[in-house]
Structures are given as structure tokens and as C-alpha cells.
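*Asks:* Build me a model from this:
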Amino acid sequence: MRAERRDALVDFLLEAVADESTAPFPADVLAGLRTVVRCEAVGYWEWSAQALLAFSLAADEPELILPVWDVYPQVRRDDPLPGWAPRGSPLPHTEWFGRTLAISDFVSDREFRRRGLYAEVCKPLGVRAVMKVYLPTGAATGASLVFDTTRARFAEADRLTLERLVPHLAQLRRNALARRTYPALIESTAAARLRLLRLTPRERVVLARAAAGETNAAIAAALFVSPGTVRKHLEHIYDKLEVRTRTLAAAIYTQERVVLDSRAGPSRTAQTLAEPGPRQTG
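*Replies:* This next block holds a predicted model:
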């Protein structure tokens, strides 16, 4: 990867990681992505089978693009990599997740220019090539980044760079979703922490070992007590945490640890990607 492209990639990641919005890819973050994967427009779409959940666009003149894109539902059948459209769009094929795909991977340029997708959407915008990434989301939603260029095709360096970025793009999306739910998690964790404060130091040790999956016999051996004593400790723990099972008690302990660990320090994402890799041209 050339130094210029690597610098643009690191700058993008530093700005994207610093973004604190709850939207996965706001327009200003996508604008930074345009400097890494050279294109005229990049859009982010996230949807369920019933509704559009998120959308953002970075382009020089987005107000000219949006009216043209409104035609897409009418020609969606011509897209070998179909995205969201109203009235119950299906979710992406699971084999697409995490891959960098171009329309040219599925149809020839000649066939593409014969289709309504090209005539109604791409040609009016001067778009000659389209590349997409479907981010892994789980079974309930689809999420894609769509790159348009007026060049005949994307450079191989653009594609390789995007492939290298995909895991980090997926993490950026997870970070944004976590920011939506974090306040509620903090609130519930605060309540859990108050209950954990009721435990004695020995009870916290027993709970930590139980949450790690140790049996009563293993805990007893580690603490030089009898299994019956461990069982009594657990009964007291259940009463103090207001639960009835070992699983629920362990979940309260684990929830607090996850939140504490999430505050441990900044990600090495940008640093990792800044490290030199195999040289590429483009």
C-alpha cells in the first residue's frame, strides 16, 4: 500500500473512531472513506425485511443524487447485488457478508449497460462501476456500503484497501450501536453493582469462580473448604443478588466485568492498519 493511501486510511480511522454519534456511518465519516476508496459517492444503508433503519450519503452534490436513487426500487431486480427497497426487501445472502463485491463480478459491462438499473440510475449520474460491502449484522438486518465511480472500474488498490478495512468497518458499526444501548447498560449495571456490594469478599471470590465455570468441588479445592461450604456461600449469594440460579448470579457478575473491561483503553485499530503490509500499487 502506498504511503499516501495508507495515510488517508489512518486519517479516516482516527476520525471515525473519534466520532461519538449513534449513527453507524454519518455523512462526515463517509466523506473520509471517499478519500480512502476513491469514488464519487458512497452511501450506507441498513434495513430489516420491513423497514429502512439507517441511511447516509457522502457525495459532492447529494441533492442531485437522491432524486435519481428514488427510482431504484423499480429496477432493483436488475441489481445482482440488491440492497434495500420499500415493501419488504429481503436481507442479503449470508455468503456476501464481509466481502468486497462489484457488479462486474456478476455481469459483463455490456450486459450491465443493457439493464434498467444502468439506464435509470447509473447513466443519469455518470456512474460506470459500483462496488458494495455487506457488513455482518446477524440475522435480523442487512447493512451495506455502496461505492459509485465514474471510472470504467474500481482500481485493484481500491478493492484491496476496502477488503482490509472491512473488519474495522464492522467494528465501527458495532461501536455506534453500543453507544445507543450503553446508557441503559450502565443503568442496569449500576443496579447490579449495588447488589454485588452486598457480598462479602469471600462470596465475591466464590461468585467469580462460579461465573468462570468452575464446579463446587473445584471451588472448594481452590479455597481449601468443603463443597458444602461453597454451596452455603452460593445460597447466600443468591439471596443477596435476588436471584434463584447460578446462571443468573453469574450473569450479574459478568455484566459488571464487561462494562469495566470496555473502559480499559483505546483501540489499536488505527495503529494496526498503519503498520506497513505488502506493497501495493494504485
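
*Asks:* Quick check on Lys232: phi, psi?
*Replies:* Phi and psi for Lys232, reported as degrees, to the nearest 10, are phi -70, psi -40.

*Asks:* Just give me the neighbour total for it.
*Replies:* Per other CB atoms under 10 Å, the neighbour tally for Lys232 reads 13. C-betas here are computed from N, CA, C, even on glycine.

*Asks:* From Met131, how far out is it?
*Replies:* 62 Å (CB to CB, to the nearest Å).

*Asks:* repeat for Ala3
*Replies:* Note on Ala3: its distance to Met131, by CB to CB, is 23 Å.

*Asks:* the more surrounded of those two?
*Replies:* Neighbours per residue (other CB under 10 Å) separate Ala3 from Met131, with Met131 holding more: 24 against 8.

*Asks:* Settle this for me: that one is touching Phe106, isn't it.
*Replies:* No - using CB atoms under 8 Å, Met131 is not in contact with Phe106; the gap is 11.9 Å.

*Asks:* which residues touch Val121?
*Replies:* Applying CB atoms under 8 Å, 6 or more residues apart in numbering to Val121 gives the contacts 68-69, 71-72, 75, 127.

*Asks:* again, only this time at 10 Å
*Replies:* Taking CB atoms under 10 Å, 6 or more residues apart in numbering as the criterion, Val121 is in contact with 65, 68-72, 74-76, 78-79, 115, 127, 130, 148.

*Asks:* who's in contact with Ser104?
*Replies:* With CB under 10 Å, 6+ apart, Ser104 has these contacts: 80, 111-112, 128-131, 152-154.

*Asks:* Turn the residues you listed into CSV, including secondary structure, distance to Asp28 and pLDDT.
*Replies:* Below are the contacts of Ser104 laid out as CSV (DSSP: H, G, I helix; E, B strand; the rest coil; distance: CB to CB, whole Å; pLDDT from 0 to 100):
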residue, secondary structure, distance to Asp28, pLDDT
Pro80, coil, 31, 93
Glu111, helix, 36, 95
Phe112, helix, 31, 94
Arg128, coil, 26, 95
Ala129, strand, 25, 95
Val130, strand, 23, 96
Met131, strand, 21, 96
Ala152, coil, 29, 92
Arg153, coil, 27, 91
Phe154, coil, 23, 93
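
*Asks:* ok, those residues vs Ile219, which is closest?
*Replies:* Nearest to Ile219 out of those is Met131 (CB to CB; 54.1 Å).

*Asks:* who does that closest one bridge with?
*Replies:* Met131 has these beta-bridge partners by DSSP bridges: Ala102, Phe147.

*Asks:* What distance do you get for it to Val29?
*Replies:* Taken as CB to CB, the span from Met131 to Val29 is 18 Å.

*Asks:* check which helix or strand covers Glu46.
*Replies:* strand 41-47 (DSSP states H and E).

*Asks:* Against which helices or strands is whichever helix or strand comes after that strand packed?
*Replies:* As assigned by DSSP H and E, the chain's next helix or strand after strand 41-47 is strand 52-59. Strand 52-59 sits against helix 27-36, strand 41-47, helix 62-69, strand 142-149, helix 156-196, with contacts defined as 3 or more CB pairs under 10 Å, 6 or more residues apart in numbering; DSSP states H and E.
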